[in-house]
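> could you look at this predicted model? Sequence included:
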Amino acid sequence: MKQIPCALTIAGTDPSGGAGIQADLKTFQELAVYGMSVITSVVAQNTTGVQNVHHIPIEMIKEQMQSVFSDMPVHSLKTGMIANESMMRVIVEQLSKTDAYYVMDPVMVATSGDPLIAEEARDFLKEQLLPLATVVTPNIPEAEFITGQKIHDINDLKAAASEIVEKHGARAALVKGGHLEGDAVDYLYDGNTIHTFHSKRFDTTSTHGTGCTYSAAITAYLSKGFPLYEAVNKAKQFVTAAIKHSFPLGAGNGPTNHWGIREERVEQ
Ligand SMILES: Nc1ncnc2c1ncn2[C@@H]1O[C@H](COP(=O)(O)OP(=O)(O)OP(=O)(O)O)[C@@H](O)[C@H]1O
Ligand SMILES: Cc1ncc(CO)c(N)n1
């Protein structure tokens, strides 16, 4: 019997639909993966920024994970916004009991610049969650925090990817160059080789949730059995199409278009 790929996201919400759990589930659906979610925080946010945050009690986060893991197969999972250390602790506990691929998006601030995790929780994230990751997907400010080094150019990006694996213990690191000028280039270090993923930069402000969409697509492809390099390569094509076909929605940084990849197929 054919096995359905099953992927789980553990993250915060975005009622405006561009980032967080909503972006993750849209991505899973678009990539024909059975999607599941554990909500850590309910966030009142939209394209202009974060208006309010309500944290789900720790017991309830634990119970949501219990509901999923006691009944459903989880072939891969991702974490996004985990607001504080107590939440991180229960997630670490759960992660130690599963052999699912684990994609860690080390979310710290929203595209709008609003903080999404407590300052004090960052060290715990780096020291306890990072070493459990199959792959971690920091943007430049997040990679700078993890390594403690400033990133100015692509050589710094590559060095950060190696250091996050060799020194901080992730199995692989994908450092995203979305915040540099010029083409949108990301580097994956898998413990052996540095791989490059390249796309041209689109002149758009619709980048709300690009990181969530990218890491969810990697999670989806891992659940389908693709090796890491292939999963990232396909996910890069997915997020690039989602940015390219994004629509001007909202007054701030608009969302990406999760069915952008379908538009690509129509155009080809
Ligand atoms: N304007 C753009 N055109 C093309 N690709 C882009 C653009 N901006 C970002 N990217 C790509 O989008 C992906 C997500 O990267 P980015 O660095 O924006 O993530 P992030 O900052 O974590 O996202 P988020 O806004 O969700 O926090 C990367 O592959 C990056 O290279
Ligand atoms: C819930 C959530 N997770 C991640 C991001 C980063 O884009 C966001 N804006 N909101």
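Thanks, I have it. Ligands and ions are numbered 1, 2, ... in the order given.

> elements contacting the helix or strand where residue 88 lies?
Element membership for residue 88 (DSSP states H and E) is helix 85-95. Helix 85-95 is packed against helix 58-69, helix 122-124, with contacts defined by 3 or more CB pairs under 8 Å, 6 or more residues apart in numbering; DSSP states H and E. (C-beta placed from N, C-alpha, C; glycine too.)

> the inter-axis angle of that helix versus helix 58-69?
Taking axes from the mean of the first three to the mean of the last three CA atoms, to 10 degrees, one finds helix 85-95 and helix 58-69 inclined to each other by 20 degrees.

> quick check: residues of the stretch 51-200 of the chain near ligand 2?
80, 81, 107, 110, 111, 116 (CB under 6 Å from any ligand atom).

> now these in CSV, with pLDDT?
Converted to CSV, those look like this (pLDDT from 0 to 100):
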residue, pLDDT
80, 98
81, 97
107, 93
110, 82
111, 76
116, 90
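
> most neighbours among these, which one?
The most neighbours of any of those, using other CB atoms under 10 Å, belong to residue 80, which has 28 neighbours.

> and for it, nearest residue in space, chain neighbours not counted?
residue 11 (3.1 Å; CB to CB, 6 or more residues apart in numbering).

> helix/strand/coil for residue 44?
strand (DSSP: H, G, I helix; E, B strand; the rest coil).

> tell me who's in contact with it.
15, 50, 51, 52, 53, 54 (CB atoms under 8 Å, 6 or more residues apart in numbering).

> pull out the buried residues from stretch 51-63.
Buried residues in stretch 51-63, counted by 16 or more other CB atoms under 10 Å: 53, 55, 56, 61, 62.

> measure the nearest residue to residue 234 once chain neighbours are set aside to residue 171 for me?
Leaving aside its chain neighbours, residue 234 sits nearest to residue 221 (5.1 Å; criterion: CB to CB, 6+ apart). Counting by CB to CB, to the nearest Å, the gap from residue 221 to residue 171 is 16 Å.

> more crowded one of those two?
Comparing residue 221 with residue 171 by neighbour count (other CB under 10 Å), the higher total belongs to residue 221, at 26 against 17.

> could you verify my assumption that that one touches residue 231?
Yes. Under the criterion of CB atoms under 8 Å, residue 221 makes contact with residue 231 at 3.6 Å.

> how deep is residue 64 tucked in, by neighbour count?
Residue 64 has 17 nearby residues by other CB under 10 Å.

> name the element the nearest residue to it once chain neighbours are set aside belongs to?
Computed as CB to CB, 6+ apart, the closest residue to residue 64 that is not its neighbour in sequence is residue 38, at 4.3 Å. Element membership of residue 38 [criterion: DSSP H and E] is strand 34-39.
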